[in-house]
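Chemist: whatever this is, show me its structure:
(one chain, ligands or ions: 1)
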Amino acid sequence: MAVPKAAVWERDPHTAAKHDLLRKYLEAWAPILLSRNDLISYAEGFAGAGIYKHGEPGSPVIAYDVFTGALHRYPKRMRMILMEEDPRRVEELERQMALVRSRHTDDVTERVAVDIRHGDYHPSLLQKLRSIGSLGKPLFVLLDSFGGPDIPYSLLHELGRYRSTEVMVTFEPSFLTRFAQNHDGHRQRGDEAFGSQDWQAVFQQPSPLKFAFLREQYRDTLRRAGFSHTLYFEMVDEGSRKLYLNRPGSNGDSIS
Ligand SMILES: C[S@@+](CC[C@H](N)C(=O)[O-])C[C@H]1O[C@@H](n2cnc3c(N)ncnc32)[C@H](O)[C@@H]1O
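Modeler: This next block holds a predicted model:
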């Protein structure tokens, strides 16, 4: 998918599939964690505008709806930290979060603290999570960039130190297979995302095996970062480009 320039863009089919997965996963995650903890946290590094062109909800709105449903059952609290670097999308996201809050009762909304932040997600998101004491407590982090590679291994490694952290990451292999072989800067981005240079063996793989090779390399990366349980979902966009949605959980604390 071409990276959209408008503040709010058309939701494509693979985004709809990704949202279904996210919703279903959070519908299981939130009640289990709320049944055992007084406070749990949810964070997004690439929050988007909270809405798509034809009114479909974005990931922060989907998550909020799931959490309020769970908070009806459990008298507990949640924190949401949402980061977005495009100021137009931040403005829209603030509007959408206010709207979704207005659809729920005060009893529930006052137990969900929503913190929307404008700026580059890294390292601000990690600093924020650390400063509010969310690291080491139940935490779900959605790192849903346009495919990247945008997520530094150092961040995954920091998050993966804690058993109670789960992460969902979007990873698009085609950028690296198409552009990185003869471009130092792109190869360096790959090295930072994988935390090693082993992925570069992709250039010696036969074409039909390249994506699967990178996917497995990336799963290794997630395991090295501390996420011993990983699942991946392959999504193919309208241009037949593959995106991988990886859902790693740390050290046996997974709910899947
Ligand atoms: C794939 S979209 C997110 C979609 C959203 N998660 C959803 O499912 O509704 C990626 C978003 O990340 C934002 N973004 C890109 N680079 C970023 C960065 N370094 N820090 C924070 N946000 C960024 C883009 O402006 C865009 O809104």
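
Chemist: C-alpha from now on. contacts and neighbour counts both.
Modeler: Fine.

Chemist: which positions in the stretch 101-250 of the chain make contact with the ligand?
Modeler: Counting by C-alpha under 6 Å from any ligand atom, the positions of the stretch 101-250 of the chain adjacent to the ligand are 119-121, 144-146.

Chemist: among those residues, the buried ones, what's the ChimeraX command?
Modeler: Buried residues among these (16 or more other C-alpha atoms under 10 Å), as a ChimeraX selection:
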select :119,121,144,145,146
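
Chemist: excluding covalently adjacent residues, which one is nearest to whichever residue of the stretch 101-250 of the chain sits closest to the ligand?
Modeler: Closest residue of the stretch 101-250 of the chain to the ligand, C-alpha to the nearest ligand atom: residue 120 (3.5 Å). Closest residue in space to residue 120, ignoring its immediate chain neighbours: residue 85 at 5.2 Å, by C-alpha to C-alpha, 6 or more residues apart in numbering.

Chemist: what about that neighbour, neighbour count?
Modeler: 16 (other C-alpha atoms under 10 Å).

Chemist: wait, doesn't it sit right on residue 116?
Modeler: No: using C-alpha atoms under 8 Å, residue 85 is not in contact with residue 116, being 10.7 Å away.

Chemist: isn't residue 242 up against residue 175?
Modeler: No: under the criterion of C-alpha under 8 Å, residue 242 is not in contact with residue 175, lying 10.4 Å apart.

Chemist: who's more crowded, the two?
Modeler: More crowded of residue 242 and residue 175, by other C-alpha under 10 Å: residue 242, with 19 against 15.

Chemist: ok, for that one, nearest residue in space, not its chain neighbours?
Modeler: In space, residue 242 is closest to residue 236, 4.5 Å off (C-alpha to C-alpha, 6+ apart).

Chemist: ok, now how distant is the one you found from residue 58?
Modeler: According to C-alpha to C-alpha, to the nearest Å, residue 236 stands 19 Å off from residue 58.

Chemist: what about the two, which has more around it?
Modeler: residue 58 (20 against 14).

Chemist: list the contacts of the more buried one.
Modeler: Counting by C-alpha atoms under 8 Å, 6 or more residues apart in numbering, residue 58 touches 19, 48-52.
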